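Trainee: After the sequence you'll find the predicted model.
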Amino acid sequence: ATVYGQYQTAFDYFNKIEDMMQDLGIMSGVKPDAVQQFKTNINKPDSLYKIILRSYRDAHIYFKLNEREDIGLLIMTGGFIEGLYIASHSVKNFYSKENKNIIVQQQVFLNNLIELLKRFVKDKDIMDIVKKMDDLKVSYKGLETDFDVKRNKITEVAVSDAKLNEIRKKISTLRNAIIQ
């Protein structure tokens, strides 16, 4: 949401995440200053990116030490799906080059999450979600990208509006299967 200047939406999401973490009893896995740093830097996407990456790393360590990696993986998967949903439903910026790059970059994360979920989680409901993620993965096939290794960034994306709409529809189906 911060990428699109939707700071209040990002703040609302963060508050909901914080509440869920307290309900799940996993707030001890988050460093107290991370919460304050997030709130302080809500309108600075570059700073938030670093805070979020550091928090993911800290959470991973917490879940691993507490032998709850499957829970951490499910939380990360939910964050990925919601993030891709938000990016694909940004009506104002949906067909912009920047948004296309963001959506296309998610292919790598999608592939990694699917592999991790298959390895760690054997629950039937989760495997149904993995099947939907596999279906989404099919929509990413054939996309052409140019990657600048020095800048560690995708510089060009060749994706049709029809393909983008297909990804958007599948992420909506996937998200709705989880939240309903």
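Mentor: Great, that's in hand. Not measured: the values here are computed from a predicted model.
Trainee: CA atoms for contacts and neighbours, from now on please.
Mentor: Fine.
Trainee: and I129, how many neighbours does it have?
Mentor: By the measure other Cα atoms under 10 Å, the count of residues near I129 is 17.
Trainee: hang on, it packs against T173?
Mentor: No - with contact defined as Cα atoms under 8 Å, I129 and T173 do not form a contacting pair (10.2 Å).
Trainee: residue nearest the centroid of the protein?
Mentor: The centre of the chain sits closest to F80, judged by Cα atoms, centre = their mean, with a distance of 2.1 Å.
Trainee: mind checking how far I178 is from L48?
Mentor: Separation of I178 from L48 (Cα to Cα, to the nearest Å): 26 Å.
Trainee: Of these two, which one has the most company?
Mentor: The residue with more neighbours, out of I178 and L48, is L48; 19 against 14, by other Cα under 10 Å.
Trainee: quick one, longest helix in this protein?
Mentor: helix 97-120 (DSSP state H).
Trainee: Mind listing what's buried along that helix?
Mentor: 99-104, 106-107, 110, 113-114, 117 (16 or more other Cα atoms under 10 Å).
Trainee: For it, list the C-alpha coordinates in CSV.
Mentor: Taking C-alpha atoms only, helix 97-120 is exported to CSV below (Å, rounded to 0.1, in the frame of the first residue of the first chain):
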residue,chain,number,x,y,z
LYS,A,97,5.3,-0.1,-15.9
GLU,A,98,6.1,0.1,-12.2
ASN,A,99,3.1,-2.0,-11.2
LYS,A,100,3.8,-4.6,-14.0
ASN,A,101,7.3,-4.9,-12.7
ILE,A,102,6.1,-5.5,-9.1
ILE,A,103,3.6,-8.1,-10.2
VAL,A,104,6.1,-9.9,-12.5
GLN,A,105,8.8,-9.9,-9.8
GLN,A,106,6.5,-12.0,-7.6
GLN,A,107,7.0,-15.0,-9.8
VAL,A,108,10.2,-15.9,-8.0
PHE,A,109,8.6,-15.6,-4.5
LEU,A,110,5.6,-17.6,-5.7
ASN,A,111,7.8,-20.5,-6.9
ASN,A,112,9.7,-20.5,-3.7
LEU,A,113,6.6,-20.5,-1.5
ILE,A,114,5.1,-23.3,-3.4
GLU,A,115,8.2,-25.5,-2.9
LEU,A,116,8.4,-24.6,0.8
LEU,A,117,4.7,-25.3,1.4
LYS,A,118,5.0,-28.7,-0.3
ARG,A,119,7.9,-29.6,1.9
PHE,A,120,6.6,-28.3,5.3
